[in-house]
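# Predicted model follows, preceded by the sequence.
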Amino acid sequence: MTHHIKTYNQIANAGLSLLDEQYKVNAADADPDAILLRSHSLHNEPLPSSVQAIARAGAGTNNIPVESFTEQGVVVFNTPGANANAVKELVLSCLIASARNLFSAITWTNSLKGSTNVAQQVEANKKAFIGNEIRGKKLGVIGLGNIGSVVANDALSLDMDVVAYDPFVSVDVAWMISRNVQRVHNLEELLATCDYITIHVPLSEKTTGFIDEKAFKAMKKGIQFINFARGELVDEQALEAALKDGTVGKYITDFPNDRIFELENVVAIPHLGASTLESEENCAVMAATQLKNFLETGNIRNAVNLPNIDLPLTSPGRLTIMHKNVPNMVGQISTLLAERAFNIADMVNRSRGSWAYTLIDIDNKLTDPEAVDILNRLQNIEGVVRARHIANGWHK
Ligand SMILES: NC(=O)C1=CN([C@@H]2O[C@H](COP(=O)(O)OP(=O)(O)OC[C@H]3O[C@@H](n4cnc5c(N)ncnc54)[C@H](O)[C@@H]3O)[C@@H](O)[C@H]2O)C=CC1
Ligand SMILES: O=C(O)C(=O)COP(=O)(O)O
């Protein structure tokens, strides 16, 4: 069976090359089974009904309307942690570059091009760029996930004091964080005491405008604020006021736009956080692997809308059913199978929030019409948004 994949953005070859002879990538004449992308926005784009899965080679899925795609039976994957080191290294370099006024110093030095006595001018004017050391300064990390946790740990090894705020920190991450990172349970405590703040939370309806006027008002004067998460986390009007009144001494952002770009004391980086060869490869390999696993076996790893599920495919066939997490779903599904005299060899049902996913391995080798018939019946159950049949090509 050939799977059709549509890609957007530059996806590293290390990932694309995993899509072997069973796959066709960007075939013009076929409906895609899945989409592999990075930051391309799928908001306001029609989604072909053939699409069963979307893999985001990266962390943020705010470019995908996850809720409405879930209603359409689409599994959305991301690649947690695959680009965390790349972002961490850039955040730490910006921290140091900002403390030492490197951005404005280099801009000034470049302005000397074409003039004479450059060496003398440099020595005469360097006092304008005296900086600070970050040792002993306080860094606030908002969001202690894959990126925030490594930024926090490594800032400690640069001899900074580190405080962090994340009311939803995961157990896995909590194990990795140094006990010297001081956790605060109140964002204002972090805002009021830090010299530098870096934000690493996902953009969602809840976090849009998270750093608002009230947050800026709580900050220490002259703070340096680093945003490698998403521009919309910061209320632009409030930011503009905070830059003008000196509350924010410098705003370093990976997400410049027309308005922000014009403001004084803004350092604009062209969304380079994850742009290293290593990170692009990690993300592409992880995304392609997860997509392949899902298309070939129905198993799920690292979806943002469904639970992980890993059942080795050993029976002649498998039915995968994505459905609402409501009572008696498994009962209705197994009744349908019993009516067609299908024998269930194995079965897993898992839920995540209001959605659930059921894998059923059957002892029967289905003909095409039999498969179409049972899928139609399953999809007619209220609350089922997609059903698939996977024939096990390896089964003897
Ligand atoms: N500039 C770039 O190129 C990149 C940007 N990103 C952005 O960074 C974000 C974070 O990435 P990861 O650390 O990999 O994600 P993650 O999912 O591992 O961590 C996010 C953390 O934020 C926390 N969080 C959620 N809501 C919060 C709130 N209201 N207050 C405090 N903490 C909250 C979560 O509990 C979680 O620990 C991504 O969602 C993406 O938007 C990620 C990778 C590259
Ligand atoms: O992973 C993320 O959330 C990123 O922002 C990286 O974006 P990119 O894949 O470099 O377009």
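Everything's here; your move. Ligands and ions are numbered 1, 2, ... in the order given.
# Compute the distance between the residue of the stretch 151-300 of the chain at minimum distance from ligand 1 and residue 59, please.
Closest residue of the stretch 151-300 of the chain to ligand 1, C-beta to the nearest ligand atom: residue 273 (2.5 Å). From N, CA and C alone the C-beta is placed, and that goes for glycine too. Distance, residue 273 to residue 59, by C-beta to C-beta, to the nearest Å: 9 Å.
# just residue 346 next, same as before
On the measure of C-beta to C-beta, residue 346 and residue 59 end up 33 Å apart.
# what does residue 351 give?
Taking C-beta to C-beta, one finds residue 351 at 24 Å from residue 59.
# can you check residue 117 too?
Distance from residue 117 to residue 59, by C-beta to C-beta: 48 Å.
# Need the residues touching each of residue 273 and residue 59.
residue 83 (C-beta atoms under 8 Å, 6 or more residues apart in numbering).
# ok, how many other residues are close to residue 311?
Neighbours of residue 311 under the rule other C-beta atoms under 10 Å: 16.
# typed the wrong thing, it's residue 322
Using other C-beta under 10 Å, residue 322 has 24 other residues around it.
# cool, residue 384 as well?
For residue 384, the count of nearby residues is 20 (other C-beta under 10 Å).
# And the pLDDT at it?
With respect to pLDDT, residue 384 has a value of 98.
# how close does it get to ligand 2?
Remark: distance between residue 384 and ligand 2 (C-beta to the nearest ligand atom, to the nearest Å) = 31 Å.
# hang on, that residue packs against residue 378?
Yes: Residue 384 lies in contact with residue 378 (C-beta atoms under 8 Å); the separation is 5.8 Å.
# and residue 183, bridged to which residues?
The partner list for residue 183 in beta bridges (DSSP bridges) reads residue 164.
# begin at 56 from here
Sure thing, new numbering starts at 56, so read that last one as residue 238.
# check contacts around it.
Applying C-beta under 8 Å, 6+ apart to residue 238 gives the contacts 199, 218, 219, 220, 221, 224.
# shaky segments in the stretch 156-305 of the chain?
Applying pLDDT under 70 to the stretch 156-305 of the chain flags no residue at all.
# now the strands: where do they sit in it?
Secondary structure of the stretch 156-305 of the chain (DSSP state E, counting those that start in this stretch): strands located at 193-197, 216-220, 237-238, 251-254, 278-282, 303-308.
# Dump those strands into a markdown table; add distance to residue 100 as well.
Converted to a markdown table, the strands of the stretch 156-305 of the chain look like this (distance: least, C-beta to C-beta, whole Å):
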| stretch | distance to residue 100 |
| --- | --- |
| strand 193-197 | 31 |
| strand 216-220 | 35 |
| strand 237-238 | 40 |
| strand 251-254 | 28 |
| strand 278-282 | 27 |
| strand 303-308 | 26 |
